[in-house]
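A.B. asks: Have a look; sequence and predicted model below, questions after that.
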Amino acid sequence: MKKSIILVFVFITALIFGQKKKVLLIGIDGLQFEQIAKVNTPNFDKFTIKKGYTGGVFGSPSQQVTSSGPSWVTILTGVWADKHGITSNSIHQVSKAKSVFKFIKSSSKLKTASVSTWKNINLLLYKDMYSVDFSTQGGNDEISIAVTVNHIKKHAPDFTFIHLDDIDHAGHAVGFGLAYSKATQKVDAQIGQLLKVIEKREKNNNEDWLILLVTDHGRDSKGKGHGNQTLTEKTIFIGMNKKGTSFFEGIDNAKKVRSLKELESFIPQTAVVSTILKYLNIDIKKEWNLEAKPLVD
Ligand SMILES: [Zn+2]
């Protein structure tokens, strides 16, 4: 090899290995998977989005209501309600299972942040919130986006979770239709704001970001309520800006789903935590009892 070629090789290797890995998890409350394709969403379209399921395995001990409290705690703990113990939205309960925030803090010096428009998420995980480096709850989506954009711009935590609530509000108020679609497009623009600040950091700070999109639950056929074990209420999605495992990439969103059993062959909501840990190079310990394999290699 010529000396110049070797030098270029060394430089590229240093660049790749020196890259700091970061994760942003964007949680979008109550967004029905099929509704994304109904509106113009240039920022959603930058992700590979695959169908998944919430609500545990129907008819088994892991079955849980398709409500926000149990679902967000599943997203952030990697286990179903039979292990985390959150069975409703009430804040008079606390997760029995540790969350991704705790797993990260107990195995590394990495920094974390949690910005949740719906304050209950941080409250249901309040035991772990003490170890989170930056957290806010309440307010509204505009505030959550402004706070997160600013925090990533200045501090770029290694793991950030943001929760957005407006689409769920639109669903509960009027179901699917114009207001719901408008709320979806607004979130698309907000995702764009987050992407912009991350693109800038990747360019200037030698960082490599995994960005995940996830929702907590589906909705009934009219788009209003949720909580039951129906196909539409159990259907969720997980989106990524990176190439996934062969399981993730092989999910066929167009495959006809006629039963809950068939839906449960799609991505379990429990896969989010192991995916985050894997990307951050954190060894997944057996005693954490995570239910699902990571979605990245
Ligand atoms: Zn919800």
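C.D. replies: Looks like it came in fine.
A.B. asks: Could you give the backbone dihedrals for the closest residue to residue 223 other than its chain neighbours?
C.D. replies: Counting by C-beta to C-beta, 6 or more residues apart in numbering, residue 176 is the residue found nearest to residue 223 once chain neighbours are left out, at 3.3 Å. C-beta coordinates here come from the backbone N, C-alpha and C atoms, glycine included. Torsion angles at residue 176 (phi, psi; degrees, to the nearest 10) stand at phi -70, psi 150.
A.B. asks: Likewise for the one 4 residues further on?
C.D. replies: For residue 180, the backbone dihedrals (degrees, to the nearest 10) come out as phi -70, psi -40.
A.B. asks: ok, it touching residue 169?
C.D. replies: No. Under the criterion of C-beta atoms under 8 Å, residue 180 makes no contact with residue 169, lying 9.7 Å away.
A.B. asks: more neighbours, these two?
C.D. replies: residue 180 (27 against 18; other C-beta atoms under 10 Å).
A.B. asks: ok, now how distant is that one from residue 165?
C.D. replies: The spacing between residue 180 and residue 165, counted by C-beta to C-beta, to the nearest Å, is 13 Å.
A.B. asks: hang on, residue 229 packs against residue 55?
C.D. replies: Yes. With contact defined as C-beta under 8 Å, residue 229 reaches residue 55; the gap is 5.9 Å.
A.B. asks: Could you check which of the two has the larger neighbour count?
C.D. replies: Under the neighbour definition other C-beta under 10 Å, residue 229 and residue 55 were set side by side, and residue 55 has more, 31 against 15.
A.B. asks: list the contacts for that one?
C.D. replies: Going by C-beta atoms under 8 Å, 6 or more residues apart in numbering, residue 55 touches 63-66, 71, 217, 229, 233-234.
A.B. asks: Residue in the stretch 1-150 of the chain with the shortest distance to the ion?
C.D. replies: Nearest residue of the stretch 1-150 of the chain to the ion (C-beta to the ion) works out as residue 68 at 3.0 Å.
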